[in-house]
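> Sequence below, structure please.
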Amino acid sequence: MKDRIRDRVLSGILDSLTYAGLVIIGLVEKAGSLFRAFLASARKFAGTFFSSKSVRSLLVFVSATAMLFLLLIVRLTQLGVGPAAGTSKLIRVTSASSPAAQEEVTEYGRVSVSKDVMQYEKEVTDYAARYGMDDYIPLIYAVIEQESGGSSADVMQSSTCFYNEEYSQIVGGITDTDYSIQCGVQYLKYCLGQANVSGPADISKIKLALQGYNYGHNYIGWALKRDGGYTKENAEAFADLMQRSLGWTSYGDEDYPEHVLRYYVLKQSG
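Next up is the predicted model:
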């Protein structure tokens with residue numbers, strides 16, 4: 001998780017620098033005529049100090065520098081770190097049958113996730129079929145994207161759930177990606193059941209289930225009894241309660257449902 005936060009911070013810095021570069025290039029291009037007029041005036045004013053040859057050399061230097069900078073921006077974008085590349089890591093797939101497809105589509109929804117997550121398509125679909133979670137495949141992908149981006153062994157961060165019987169039930173305890181998905185799919189199904197989710201389009205109850213996946217399933221019963229379901233306020237209240245109880249300075253992700261659902265898009269009817 002720390003590595004992923006670090007990567008996102010670095011990516012954000014690169015995005016900002018790249019965007020600033022594009023702004024500068026745009027200003028240079030728009031100010032081209034003014035720049036040339038300035039040089040002409042400067043040459044006239046300075047007389048022999050600005051010879052025609054030196055002015056041409058300066059123009060060539062500035063143009064070459066701008067071109068090199070533009071090529072750098074293009075290359076960064078191709079590598080996935082430029083402002084235009086902010087969405088290049090997120091892939092909209094229109095078919096699951098093509099080997100090149102990266103988006104999974106079901107009757108109820110689709111998902112936008114990274115290639116690192118979609119490399120586990122076989123494991124996800126196999127375990128979804130085994131545990132009756134076929135309709136929730138896009139949600140499983142979204143959970144993996146949020147939990148690890150597909151970049152760690154415990155891709156679903158399912159080490160601490162009770163389905164994990166082979167590894168230590170501590171954060172990062174699972175070191176087998178396949179087993180992480182097996183446990184995670186089962187635990188997500190359990191949370192969906194505890195939240196009485198009626199289907200992939202039941203977003204309000206999916207939020208309750210997702211917060212339970214992150215906090216632990218005991219949150220679900222507590223929230224149902226207290227407020228009848230998930231609210232942002234009771235997610236914050238539960239985190240505060242657990243922090244005081246455990247003596248911790250933080251507990252879970254209070255915005256977990258929103259963080260997961262940004263990768264989960266319902267299929268438009270009609």
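
> Spit out the contact partners of Gly132.
Residues near Gly132 by CB atoms under 8 Å, 6 or more residues apart in numbering: Lys189. Every residue, glycine included, has its C-beta placed from N, CA and C.

> Would you mind giving the secondary structure of it?
Assigned by DSSP: H, G, I helix; E, B strand; the rest coil, the conformation of Gly132 is coil.

> now do Gly173
Going by three-state DSSP: Gly173 is coil.

> what's the helix or strand for the closest residue to Trp248 other than its chain neighbours?
Nearest non-adjacent residue to Trp248, counting by CB to CB, 6 or more residues apart in numbering: Met242, 7.2 Å away. Assigned by DSSP states H and E, Met242 falls within helix 232-246.

> pLDDT on that helix, on average?
In this model, helix 232-246 has a mean pLDDT of 97.

> Render the CA-only coordinates of the helix or strand following it in CSV, please.
Where DSSP H and E defines the elements, the next helix or strand beyond helix 232-246 is helix 256-261. The C-alpha trace of helix 256-261 is given here as CSV (Å, rounded to 0.1, in the frame of the first residue of the first chain):
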residue,chain,number,x,y,z
TYR,A,256,-13.6,3.1,0.8
PRO,A,257,-17.0,2.6,-1.0
GLU,A,258,-16.4,5.7,-3.1
HIS,A,259,-12.8,4.7,-3.8
VAL,A,260,-13.9,1.3,-5.1
LEU,A,261,-16.9,2.4,-7.0
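
> what comes up buried for helix 256-261?
Tyr256, Pro257, His259, Val260, Leu261 (16 or more other CB atoms under 10 Å).

> Kindly report the same for stretch 178-196.
By 16+ other CB under 10 Å, the buried positions in stretch 178-196 come out as 179-192, 194-195.

> in stretch 216-226, what counts as buried?
For stretch 216-226, the neighbour count (16+ other CB under 10 Å) marks Gly216, His217, Tyr219, Ile220, Trp222, Ala223, Leu224 as buried.

> How about the contacts made by Gln157?
Under the criterion of CB under 8 Å, 6+ apart, the neighbours of Gln157 are Met1, Glu147, Ser148, Val171, Gly172, Ser180, Gly184.

> burial measure for Gly149, as a count.
Using other CB atoms under 10 Å, Gly149 has 19 neighbouring residues.

> Could you check how far it is from Ala142?
From Gly149 across to Ala142, the span is 11 Å (CB to CB, to the nearest Å).

> Now the nearest residue to Leu139 once chain neighbours are set aside. Its backbone dihedrals?
Spatial nearest neighbour of Leu139, excluding adjacent residues (CB to CB, 6+ apart): Tyr264 at 5.7 Å. Main-chain torsions, Tyr264, degrees, to the nearest 10: phi -120, psi 120.

> what's the following helix or strand after the host helix or strand of Asp126?
Taking DSSP H and E as the criterion, Asp126 maps to helix 121-130. Next in sequence after helix 121-130, counting helices and strands by DSSP H and E, comes helix 137-147.

> Could you check the angle that next one makes with helix 121-130?
Interaxial angle, helix 137-147 versus helix 121-130 (axes from the mean of the first three to the mean of the last three CA atoms, to 10 degrees): 130 degrees.

> elements contacting helix 137-147?
Applying 3 or more CB pairs under 8 Å, 6 or more residues apart in numbering; DSSP states H and E, one finds that helix 137-147 contacts strand 109-111, helix 115-118, helix 121-130, helix 177-194, helix 203-215, helix 256-261, strand 264-266.
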